[in-house]
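Chemist: Okay, structure incoming, though there's no sequence with it:
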């Protein structure tokens, strides 16, 4: 066995470990309000999922980051209670908020893609902010389609109302995105030194 193949196997193994670790962090981030109930603001649970999806992308790269989010989604769809409020199962596909879960794969991929090309603190912050925007755009559009097609929407529900429903967690997610960019850049430097 050559040194090159040993290094390749080590990187693959590390990638799989990191993917599993971020899937586990997503499970915790989805249900952080059970540990800290004060993180429910105006009835909206303040989760850390977008933060962890962004970190997965900028720390692990677009491929492994997206793989970790796909693993998280797959675990939930097969019935593990890993989604918010300890939901899980194939019926989750019909939940109005499932679009956010789908978006985490795109968030990690896009954030990772940008961070791989722009290796600086501003680059990582931009990667995190772009990922957060993707999360809101995909999630909100899924929410709107779900509430107007297969889930009963409130009286007079509109596209504007779908966006208004997401105003309470927005400031937190954008502040956390900036933090994720700075924290992620510094942690990535340390990770690279350890390899």
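Modeler: Here it is on my side, so go on. This one's a predicted model, so the numbers in the text were calculated from it and none came from an experiment. Residues are numbered from 1 along each chain as shown.

Chemist: CA only for contacts and neighbour counts going forward, please
Modeler: Will do.

Chemist: Show me where the protein has its helices.
Modeler: For the chain, helices defined by DSSP state H occupy the ranges 3-30, 32-35, 49-77, 98-117, 121-149, 159-164, 170-194.

Chemist: what packs against the fifth one?
Modeler: Okay, so that is helix 121-149. If you count contacts as 3 or more Cα pairs under 8 Å, 6 or more residues apart in numbering; DSSP states H and E, helix 121-149 packs onto helix 49-77, helix 98-117, helix 159-164, helix 170-194.

Chemist: which non-adjacent residue is nearest residue 80?
Modeler: Using Cα to Cα, 6 or more residues apart in numbering and skipping the chain neighbours, the partner closest in space to residue 80 is residue 88 (5.3 Å).

Chemist: re the thing from before, let me have the helices of the chain in TSV, extended by distance to residue 92 and mean neighbour count.
Modeler: Listed next are the helices of the chain as TSV, based on distance: least, Cα to Cα, whole Å; neighbours: other Cα atoms under 10 Å:
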stretch	distance to residue 92	mean neighbour count
helix 3-30	14	17
helix 32-35	19	16
helix 49-77	7	26
helix 98-117	7	25
helix 121-149	12	21
helix 159-164	19	13
helix 170-194	23	17
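
Chemist: of all these, which lies closest to residue 84?
Modeler: Proximity to residue 84 (Cα to Cα) singles out helix 3-30 among these, at 4.6 Å.

Chemist: returning to that earlier point: okay, the helices and strands packed on helix 121-149 in CSV with mean pLDDT and distance to residue 13 next?
Modeler: Shown next, in CSV, are the helices and strands packed on helix 121-149 (pLDDT from 0 to 100; distance: least, Cα to Cα, whole Å):
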stretch, mean pLDDT, distance to residue 13
helix 49-77, 96, 11
helix 98-117, 97, 19
helix 159-164, 92, 41
helix 170-194, 89, 15
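
Chemist: With residue 18 as the reference, name the closest of the ones you listed.
Modeler: Proximity to residue 18 (Cα to Cα) singles out helix 49-77 among those, at 7.4 Å.

Chemist: So which elements touch the closest one?
Modeler: Helices and strands touching helix 49-77, as assessed by 3+ Cα pairs under 8 Å, 6+ apart, comprise helix 3-30, helix 98-117, helix 121-149, helix 170-194.

Chemist: Summarise which helices and strands the second one is packed against.
Modeler: It stands for helix 98-117. With contacts taken as 3+ Cα pairs under 8 Å, 6+ apart, helix 98-117 sits against helix 49-77, helix 121-149.

Chemist: got these as a markdown table, with distance to residue 94 columns?
Modeler: Converted to a markdown table, those look like this (distance: least, Cα to Cα, whole Å):
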| stretch | distance to residue 94 |
| --- | --- |
| helix 49-77 | 11 |
| helix 121-149 | 7 |
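
Chemist: Out of those helices, the one nearest residue 191 is which?
Modeler: Closest to residue 191 of these, according to Cα to Cα: helix 49-77, at 8.5 Å.
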